[in-house]
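Undergrad: structure for this input, please:
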Amino acid sequence: MGELYLGVMSGTSQDGVDAAIVEFDAAGSQIHRATTTPYPEELRARIAKLLIEPKVSLQELGKLDVAVGRFFAQCIVKLVETSSFGVSDIVAIGHSGHTVFHQPETPDAFTMQIGDPSTIAAETGITTVGDARKMDVALGGQGAPLAPAFHKWCFSDATESRIVLNIGGIANISVLHPNRPLLGFDTGPGNTLLDNWSQRCISKPFDRDGEWSRTGTVIEPLLQALKTDTYFQRSPPKSTGIEHFNLGWLDLGLRQLAEAPATEDVQATLTQLTAATIADAIISTDANPQRVILCGGGALNTALIERLSDLLPQAQLESSTTHGINPEWVEAALFAWLARGRLEGEPGNVPTVTGARQAAPLGGVYSGTGGR
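TA: Here you go, the predicted structure:
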């Protein structure tokens, strides 16, 4: 049997914490058990408040950092207890943290995640690798996306050009071309606008299968206005977050309309925006992919994927499940993989992706009492 690592991921959608026990050996990886645990409403509300208005007292920031760390630890302990493994079987935890602000542009570039890794190591007893993005930013990189190296390790093929598309709150692509350096970048909004508009208008945290969006009609003037955002025209390396693409950003676009639109039409337009900006980004790489491998929560939005398929008729769109990993667990597996690399002294970032000056092992190591 190979070595077991546990990856945990909390994405910008704020829908919960994904945790996965992953075995790594010479043949690849295998997920033995995985689960998603929704945030308790009180904790989710505190995080949401910080994201909407990123001003907070030092006391609240410190308390929230520890509270999120404790919740991560609870998710981890529960996952291990419901598996066939024990704490001593897990080499280390790879911990994403929850990003509360991401500003990778100079001067004074930084990225901030909460979910104290020391708390996780202390409460689980397992060595924890956290703050993976900060070293890349310190080296002049974007700190995101970190997935392309893992995507290459899992999904590349020497005989064809492939794109791995992760649709989380923010969407990102990895370009796996057999004759080119690895490339990847954030394309723009994934689920974040769709989820937040759904929550605002119909009090649902997300638009299941895109069914609500199917009842609306794309508002072409709004779509074109939103697509003029300069982020979409920037060349990689680039990354973004909900600091940029949020309901305040959408409201600016809505104010340009002569009259208030139907809410379902806005949802249809946001679905088309996500699909169109992803397709434009893929086309801009000139990779001409034969295959687009889908992962992240947005891979389950059938209305979105249908729109994307229409925009990329030459590519075969398929779930990462076809390649052995459920779309919902790819990012948790990524952080398990990054933890393994950190302990083995292997680089986790890719300068052609993030723009960092050099490749380096990522994250700090927080020793646990029960790990190895």
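Undergrad: where's the residue of the chain most remote from its centre, which helix or strand?
TA: Within the chain, the residue lying farthest from the chain centre (C-alpha atoms, centre = their mean) is Ala258, at 35.3 Å. Under DSSP states H and E, no helix or strand contains Ala258.
Undergrad: tell me the contacts of it?
TA: Not one residue lies near Ala258 by C-beta atoms under 8 Å, 6 or more residues apart in numbering. Bear in mind the C-beta positions are built from the backbone N, C-alpha and C, glycine included.
Undergrad: strands of this structure, start to end?
TA: 3-9, 17-25, 28-37, 90-95, 98-103, 110-114, 128-130, 162-167, 170-176, 183-189, 291-295, 316-319, 364-366 (DSSP state E).
Undergrad: figure out which of those is closest to Thr271.
TA: For these, proximity to Thr271 was assessed by C-beta to C-beta; strand 183-189 is nearest, at 10.4 Å.
Undergrad: which strands or helices does that closest one pack on?
TA: Applying 3 or more C-beta pairs under 8 Å, 6 or more residues apart in numbering; DSSP states H and E, one finds that strand 183-189 contacts helix 147-155, strand 170-176, helix 263-284, helix 351-354.
Undergrad: most tightly surrounded among these?
TA: Ranked by mean neighbour count, the helices and strands packed on strand 183-189 are led by strand 170-176 with a mean of 26 (mean count of other C-beta atoms under 10 Å).
Undergrad: picking up where we left off before, now do the residue farthest from the centre of the chain against Trp197, distance only.
TA: Distance of Ala258 to Trp197, given as C-beta to C-beta, to the nearest Å: 20 Å.
Undergrad: and for Arg357?
TA: To Trp197, Arg357 is 39 Å away according to C-beta to C-beta.
Undergrad: could you do Ala315 as well?
TA: Following C-beta to C-beta, the distance that separates Ala315 from Trp197 is 28 Å.
Undergrad: ramachandran coordinates for Leu139?
TA: phi -90, psi 10 (degrees, to the nearest 10).
Undergrad: so what's Gly355 scoring on pLDDT?
TA: Predicted confidence (pLDDT) for Gly355: 96.
Undergrad: Gly370 too?
TA: Reading off the model, Gly370 has pLDDT 51.
Undergrad: same list (the helices and strands packed on strand 183-189) but as JSON lines, adding distance to Val137.
TA: Formatted as JSON lines, these follow (distance: least, C-beta to C-beta, whole Å):
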{"stretch": "helix 147-155", "distance to Val137": "16"}
{"stretch": "strand 170-176", "distance to Val137": "16"}
{"stretch": "helix 263-284", "distance to Val137": "22"}
{"stretch": "helix 351-354", "distance to Val137": "9"}
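Undergrad: and of the ones you listed, who's closest to Arg214?
TA: Closest approach to Arg214 among the helices and strands packed on strand 183-189 (C-beta to C-beta): helix 263-284, 7.6 Å.
Undergrad: what packs against the closest one?
TA: Helix 263-284 sits against strand 162-167, strand 170-176, strand 183-189, helix 192-202, helix 211-214, helix 220-227, helix 247-254, helix 302-311, with contacts defined as 3+ C-beta pairs under 8 Å, 6+ apart.
Undergrad: pull the fifth one out as PDB, backbone CA atoms only.
TA: The C-alpha atoms that make up helix 211-214 are tabulated as PDB, following Å, rounded to 0.1, in the frame of the first residue of the first chain:
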ATOM      1  CA  GLU A 211     -32.800  24.800 -13.900                       C
ATOM      2  CA  TRP A 212     -33.700  28.400 -12.900                       C
ATOM      3  CA  SER A 213     -31.300  29.800 -15.600                       C
ATOM      4  CA  ARG A 214     -33.200  27.700 -18.200                       C
END
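Undergrad: may I see the buried residues of that helix?
TA: 212-213 (16 or more other C-beta atoms under 10 Å).
Undergrad: quick one: contacts of that helix?
TA: For helix 211-214, the surrounding residues in contact (C-beta under 8 Å, 6+ apart) are 194, 198, 202, 204, 207, 264, 267-268, 270-271, 303-304.
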